[in-house]
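Trainee: Give the three-dimensional model of this entry:
(one chain, ligands or ions: 1)
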Amino acid sequence: MTNVFDRLTGQAAVADELRAAARAARGVAARLDEGASGATSLFARDDGTGSDQFEGAQRASMTHAWLFTGPPGSGRSVAATCFAAGLQCQSDDEIGCGECRACVTVMAQTHADVRHVVPQGLSLSVLEARDVVQAAARRPGTGRWQIVIVEDADRLTEQAANALLKAVEEPPSRTVFLLCAPSVDPEDISVTLRSRCRHIALATPAVADIERVLIERDGIDPERAAWAAGVCGGHVGRAKRLATDDEARAQREKALGLARAATRDSTAYAAAEALVRSAEDAAKAISAELDEAETEEMKTALGAGGTGKGTARAPRGTAGALKELEKRQKSRATRVSRDMLDRALVDLAALFRDALVLAVGAQVTAMHPDKTDDIAVPMAAYAAPEQLLRCVEAVLDCRTALDVNVKPKFAVDAMVATIGLAMNDRRVATAS
Ligand SMILES: [Zn+2]
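Mentor: Numbers count the residues shown, from 1 in each chain. Prediction:
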C-alpha cells in the first residue's frame, strides 16, 4: 500500500496541509507523553470566528476539531480517515506510511482508537451523540489520539449538535474530532460548531483524476473508466459503481429517460412510478442484507437465538430491544431509498442543464456527455432556454420536497407534471 494521503484524488493542497498537521501533531503528542500540562495551549487555537485564516506556521499546526466539507463524492470521509491514519501512523520516517499496523487498521476502520460515526437513519439523535462524546473522552489505548470521525455531521439533530459542541469546546487533551459535512452552510452545520473547527474544503475532483483512480486502483478497463469518470458528476464512488454495477447503470438510464417520458402524458406517470419503485427496491435489497445480520446478532446477544440448551426462550426485555432495532432499520431503509432517489434527481437536473447550456450556446463541459446527441441536443432544439430552466427548477423543487418528507410518489408526480407543462408550453417556444 502506498502513502495514505495519495488516496486523496485530485486534492494535493489538502493532502499537504493534513500531512503537515499530522507531523505537528506528533510533536504535540510527544510533549504530552513527557507530561506537559495545559494541553490545549500546545495546540493552535482557532480565533473562534470561524475564519479560514490559517497561514504559515499555523497551517502546519495541529488542532482538536476539524471540519471536512465538499460536495458528495469529493471524498470528505476518505480525507478524514486518511488524516486519522496520518495521526496514528507508527512509521518513524513517513507520515501516513500506509504499511504500519496503525495505518492499515485505521484505513480498514478497525483501529480501536478511531471511531466512525455514521448516522444510520435520517438523523443522528442526541442519544447517539452522547454515546460518541463518552467514547471520545476515553484515553487512547494503543494510538496517540482518541479520534472520532462523524460522517454526515449535517444529519446531527440540533440537540445532538449541542451535545457534541460541549465536547468539542473542552476536548480531553488526547481527543480529536473530525466532522464531515457537505458545506459550511448553517443548514449543514451549526454556526457555533463550525466556529470551533478548523475547516478543510475539498474540491470536486477532475474527470482525468477520477479516470486514473478507476484504472489504477480498481483495475477498470480504460474505455469504461473514461465513460464513468465523465458521467459521475465528480463523485469517485459513484464512478466506480457505474463502471462495475449493471443495476446502477440501469437506474441512471431510468432517471435520464424521465426527461423524455415527462413530455407525454401517456408515459409520464408510469416512468415516474418506475423511478420511485426502483429506488425503493434497490434500497430494500441493500437494507435486507444489513437487517438480517443485525437482527441475528442481536438475538444471539440477547440469548434469544440459537437452538442450544437453555436458549429456547428469550429473556425479558428482548422484545423491546428488537422493536427498537426494527425502528432503526426502518429509518435506515427510508434514508437509503431517499438517497437513491435524490441521486437520480441530481442526474436528471444535470441533463436539463446540459440542454440549457446548448440552448444558450455556452461553452461548458456536459454532465452527461454520452447523452448529448441522444437527448440534450434534441431537447435544446425543441425547447427554449426558459422552458429548460423551468425543468431544472422543477427537479430541484422535487428534491426540496423530499427533503421535507413529502411522499416520494407525490413529489415525483408533481415534478413530472411541471416538466410536462414546461416542455409543452408552445407559447414560450414560439415567442422566443
Ligand atoms: Zn503508518
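Trainee: Please see if stretch 12-30 touches the ion.
Mentor: No - Stretch 12-30 does not reach the ion (C-beta under 5 Å from the ion); its nearest approach is 10.2 Å. For the C-beta atoms, the positions are set from N, CA and C on the backbone; glycine is no exception.
Trainee: What is the neighbour count of the residue in the stretch 151-300 of the chain that the ion sits nearest to?
Mentor: Proximity of the stretch 151-300 of the chain to the ion (C-beta to the ion) peaks at Val176, 16.5 Å away. When neighbours are defined as other C-beta atoms under 10 Å, Val176 has 27 of them.
Trainee: other SSEs contacting the longest helix belonging to the chain?
Mentor: Criterion DSSP state H: the longest helix present in the chain is helix 318-359. Applying 3 or more C-beta pairs under 8 Å, 6 or more residues apart in numbering; DSSP states H and E, one finds that helix 318-359 makes contact with helix 246-261, helix 265-302, helix 377-382, helix 385-403, helix 408-423.
Trainee: can you rerun that using 6 Å?
Mentor: Packing partners of helix 318-359 (3 or more C-beta pairs under 6 Å, 6 or more residues apart in numbering; DSSP states H and E): helix 246-261, helix 265-302, helix 377-382, helix 385-403.
Trainee: Tell me if I'm right that the residue of the stretch 151-300 of the chain closest to the ion and Trp145 touch.
Mentor: Yes - if you go by C-beta atoms under 6 Å, Val176 and Trp145 touch, sitting 4.9 Å apart.
Trainee: list residues touching both of these two?
Mentor: The contact sets of Val176 and Trp145 do not overlap (C-beta atoms under 6 Å, 6 or more residues apart in numbering).
Trainee: next one: phi and psi at the residue in the stretch 101-250 of the chain positioned nearest to the ion?
Mentor: Nearest residue of the stretch 101-250 of the chain to the ion, counting by C-beta to the ion: Cys103, 3.3 Å away. Per-residue torsions, Cys103: phi -60, psi -50 (degrees, to the nearest 10).
Trainee: just checking, it touches Gln88?
Mentor: No - Cys103 lies out of contact with Gln88 (C-beta under 6 Å); the separation is 7.4 Å.
Trainee: ok, and the closest non-adjacent residue to the residue of the stretch 101-250 of the chain closest to the ion?
Mentor: Ala85 (4.7 Å; C-beta to C-beta, 6 or more residues apart in numbering).
Trainee: ditto for Ala411
Mentor: Ala401 (4.0 Å).
Trainee: The one you found - how many residues pack around it?
Mentor: Neighbour tally, Ala401, other C-beta under 10 Å: 17.
Trainee: Over to Ala129?
Mentor: Quick note: Ala129 (other C-beta under 10 Å) scores 24 neighbours.
Trainee: Wait, it touches Asn162, no?
Mentor: No - taking C-beta under 6 Å as the definition, Ala129 is not a contact partner of Asn162, at 8.4 Å.
Trainee: Check which helices and strands the top strand by length along the chain sits against.
Mentor: Of all the segments of type strand in the chain, defined by DSSP state E, the longest one is strand 175-181. Applying 3+ C-beta pairs under 6 Å, 6+ apart, one finds that strand 175-181 makes contact with strand 65-69, helix 76-88, strand 146-150.
Trainee: strand partners of that strand, parallel vs antiparallel please.
Mentor: Its sheet considered, strand 175-181 pairs with strand 65-69 (parallel), strand 146-150 (parallel) by DSSP bridges.
Trainee: Output those strands in a markdown table; the columns should cover distance to the ion and mean neighbour count.
Mentor: Formatted as a markdown table, the strands paired with strand 175-181 follow (distance: least, C-beta to the ion, whole Å; neighbours: other C-beta atoms under 10 Å):
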| stretch | distance to the ion | mean neighbour count |
| --- | --- | --- |
| strand 65-69 | 19 | 25 |
| strand 146-150 | 14 | 26 |
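Trainee: Fine by me, we can end here.
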